[in-house]
Structures are given as structure tokens and as C-alpha cells.
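Undergrad: give me a model of this one.
(2 chains)
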Amino acid sequence: DTAVSQTPKYLVTQMGNDKSIKCEQNLGHDTMYWYKQDSKKFLKIMFSYNNKELIINETVPNRFSPKSPDKAHLNLHINSLELGDSAVYFCASSQRIRTDTQYFGPGTRLTVL
Amino acid sequence: GENVEQHPSTLSVQEGDSAVIKCTYSDSASNYFPWYKQELGKRPQLIIDIRSNVGEKKDQRIAVTLNKTAKHFSLHITETQPEDSAVYFCAASSDSSASKIIFGSGTRLSIRP
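TA: Residues are numbered from 1 along each chain as shown, chains lettered A, B, ... in the order given. Okay, here's the model as predicted:
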């Protein structure tokens, strides 16, 4: 059983396009996150949802919009993709906000050409 | 703003020797300090964590120490093995609603045979 899954695993697209990444967790957790890992391996939180409510919203361009249809899903939609958006995006979940083990998805490698 | 500094950025040790990675944090409200291991091309996975009510925690060859006064915590790996080669991230967070989850910049650990 996959605890946290993401689709797609790879995403190659042109500048200016709009794309979405989907995330699902079957752990019954209340909190989900999106992280961006750049080419230097820095891991930075972007968003966090708790029970479908946005809790953490870091300084991220408003081209990025998370959507949580239910507790088990947190999707990331990106408008007008730019070269600098190229990175690996990880979804994660935890039972409690902030101070609990985070379970990461396999990551989505986004390449913007 | 809040910050977590991690050192060294790269570390190479002989198989069987010990490895130590250090992190310092700036937010005195931080009370949760996890360590994640990320193998090449894989997702980050928790290997050990410590909360501010204890000073040390061990799990087989891995231990973490916390000095709240100095605001630093360290990961110790003894009897290193080839499978310990990975990037290790420390992180700090608190239960405060104003808290952010901040990761260190990562340490690439290589084990020499």
C-alpha cells in the first residue's frame, strides 16, 4: 500500500503553460503539505492544509494555488509556468500540524523548457 | 526571521567511523527537531526526532542530542555503513500557530569503503 502518492512522477512542459500535480494520502492524516526542492537540494515548505483549511502559506507566487477537496487529497496547480519553477515538488502528510513525523510522497520532477 | 543552519554541507567518512552533523536554530519557541534522510532520487524519510523535553535520544546506530540553551542539535551516526550514504536534513518547528517548519540546507554524507 502506498502511503502518500503523487502524480505525475515527471512533468515536462513549456514556459507559460498551466499544470497540476495531484497528491493523495491513505494514512488518515489531518495535515498535508507541499514542498519545493530546488537543484541545490534545498527543501522549502510552500503550503500546509489542516482538515482542508489553509494553515501555512509561505511567500510563494500567486501563480501557485493549492486545492484540498478533502483531507486525503492536496493538489497543486501552477499557472503561467516559468523556468525558475523547475524543481522537484514533494507532497507530505502528518497527523499533527508542524510537530509530527512527515511522510513524503515520491516527488514530481517538473521541468520547464 | 527564523532560520536553521546545518553543517557541514558535505561529509566523507571511512566505513566504520562515526559521522556527526550539527544544526542550530534561531526560534527559541521551537520544540520539535526531526532528522530526515534522502537517498539519491528518493523521498525524504524520517530517521529520528527529538522533542524539547529530552536532551538525547538513541535508535541503534543513530542518536540525536539537543542543547536548548545553545539552540543547537546534532545527529550522530556510529559504525557507518555504505547504506548510510545520503543527504541528511535537520528541521525545527513548534506548536505555535505562527511557527514555520524550517529545514536545514542538508548534508551530503559519503561513506568511503
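
Undergrad: skipping adjacent residues, who's closest to residue B:91 in space?
TA: Closest residue to residue B:91 apart from its sequence neighbours, by Cβ to Cβ, 6 or more residues apart in numbering or on different chains: residue B:103 at 4.6 Å. C-betas here are computed from N, CA, C, even on glycine.

Undergrad: I'd say the one you found and residue A:44 touch.
TA: Yes. Between residue B:103 and residue A:44 there is a contact under Cβ atoms under 8 Å: 7.1 Å.

Undergrad: more crowded one of those two?
TA: residue B:103 (22 against 17; other Cβ atoms under 10 Å in any protein chain shown).

Undergrad: pLDDT below threshold where in the chain?
TA: Picked chain A for this. Scanning chain A for pLDDT under 70 picks out the ranges A:1.

Undergrad: please refer instead to chain B.
TA: Ranges of chain B meeting pLDDT under 70: B:1, B:97-99.

Undergrad: give me that answer again for 90
TA: For chain B, applying pLDDT under 90 flags the ranges B:1-3, B:29, B:52-54, B:94-101.

Undergrad: what residues does it put near chain A?
TA: B:31-32, B:34, B:36, B:38, B:42-46, B:49, B:51, B:87, B:89, B:93-95, B:97, B:99-103, B:105-106, B:108 (Cβ under 8 Å from any Cβ of the partner chain).

Undergrad: what sits against residue A:112?
TA: By Cβ atoms under 8 Å, 6 or more residues apart in numbering or on different chains, residue A:112 lies in contact with A:13-15, A:81-86.

Undergrad: which helix or strand contains the residue nearest the centre of chain A?
TA: Chain A has residue A:34 as the residue nearest its centroid, 3.1 Å off, counting by Cα atoms, centre = their mean. Element membership for residue A:34, per DSSP states H and E: strand A:31-37.

Undergrad: let me know the next secondary structure element after that strand.
TA: Strand A:31-37 is succeeded, C-terminally, by strand A:43-50 (DSSP H and E).

Undergrad: got the angle for the helix or strand just after that following strand vs strand A:31-37?
TA: Per DSSP H and E, the first helix or strand lying C-terminal to strand A:43-50 is strand A:53-57. On the basis of axes from the mean of the first three to the mean of the last three Cα atoms, to 10 degrees, strand A:53-57 is oriented at 30 degrees to strand A:31-37.
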